[in-house]
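Trainee: the following comprises the amino acid sequence and a computationally predicted model.
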Amino acid sequence: MQVKKYSDKEAWLEGRRGRIGSSRLGSMFSKRDKKPLKPFYEVIAERVAIPETDENKMDRGHRLEDEAIKRFNEVTGKNAVQELEIWTRDDNEYISASPDATIGETEAVELKCRDSAYHIESWLKREVPKEYHEQSIQYFIVNEKLETLYFTFYDPRMPKDLFYITINRADIADQIAEYTALQLQALAEIEDIISQLTF
């Protein structure tokens, strides 16, 4: 065993970065199937990413959007354009989506500028995270001309700062139909309840 001594708490905290310590071990892997959990990806992030600041994560995400789109365009050669807009369905304006950027009428970009551990996990798994699955489908539900969504991850602190997952309409057609019907049914129920409440 090696022993490393530190002169102050700040140096000691820095020395803990990128290591699996005793307090971290219990949360590294799923108890059921031993799959990696968030602390696993945090260890990687602490070793390869520029350290995070105390900036609010939501504020950081919004701040990085312009930069992320510029980088997306550089990497892909596309011309994704950001505009403050909301899409609504032709047959029901209460079914909507707010695209982060569009490329003509048939392509769009959804951006995620999250922490480095999340970025690494998404890069390794190469799939849209579960919490954003329905969000990616909604783009296609609202815009019937949309053929492709680039679900894009950006973290300038990482060596691999940008990557994206391409989602094509044809690959999720059943889910589009299922979630469209679900929303139309929910909105019909909502309208019924509203009419009862407003006489």
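Mentor: Structure received.
Trainee: helices along this structure, start to end?
Mentor: Counting by DSSP state H, the chain has helices at residues 9-16, 22-25, 38-48, 57-76, 116-125, 133-142, 173-198.
Trainee: so for the last one, what gets flagged as buried?
Mentor: Read it as helix 173-198. Residues of helix 173-198 classed as buried: 176, 179-180, 183-184 (neighbour count, 16 or more other CB atoms under 10 Å). Backbone N, C-alpha and C define where each C-beta goes, glycine included.
Trainee: check stretch 101-121 too.
Mentor: The neighbour-count check on stretch 101-121 (16+ other CB under 10 Å) flags 101-103, 107-121 as buried.
Trainee: just the CA trace of that stretch, in CSV.
Mentor: Once side chains and other backbone atoms are set aside, the C-alpha atoms of stretch 101-121 remain, and they are given as CSV (Å, rounded to 0.1, in the frame of the first residue of the first chain):
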residue,chain,number,x,y,z
ALA,A,101,-32.4,24.1,-34.4
THR,A,102,-33.8,23.2,-37.8
ILE,A,103,-32.2,22.2,-41.1
GLY,A,104,-34.9,23.0,-43.6
GLU,A,105,-38.3,21.3,-43.1
THR,A,106,-37.0,17.7,-42.9
GLU,A,107,-34.3,17.8,-40.3
ALA,A,108,-33.9,19.1,-36.8
VAL,A,109,-31.4,19.1,-33.9
GLU,A,110,-32.1,18.5,-30.2
LEU,A,111,-29.2,19.6,-28.0
LYS,A,112,-28.0,18.3,-24.6
CYS,A,113,-25.2,20.2,-22.9
ARG,A,114,-25.0,18.2,-19.6
ASP,A,115,-22.3,17.4,-17.2
SER,A,116,-19.2,15.4,-18.3
ALA,A,117,-20.2,12.2,-16.7
TYR,A,118,-23.5,12.2,-18.5
HIS,A,119,-21.8,13.1,-21.7
ILE,A,120,-19.5,10.1,-21.4
GLU,A,121,-22.3,7.7,-20.4
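Trainee: could you give the mean pLDDT of it?
Mentor: Rounded to a whole number, the mean pLDDT of stretch 101-121 is 93.
Trainee: and what of stretch 45-60?
Mentor: pLDDT averaged over stretch 45-60 gives 67.
Trainee: go on, stretch 84-94?
Mentor: Rounded to a whole number, the mean pLDDT of stretch 84-94 is 92.
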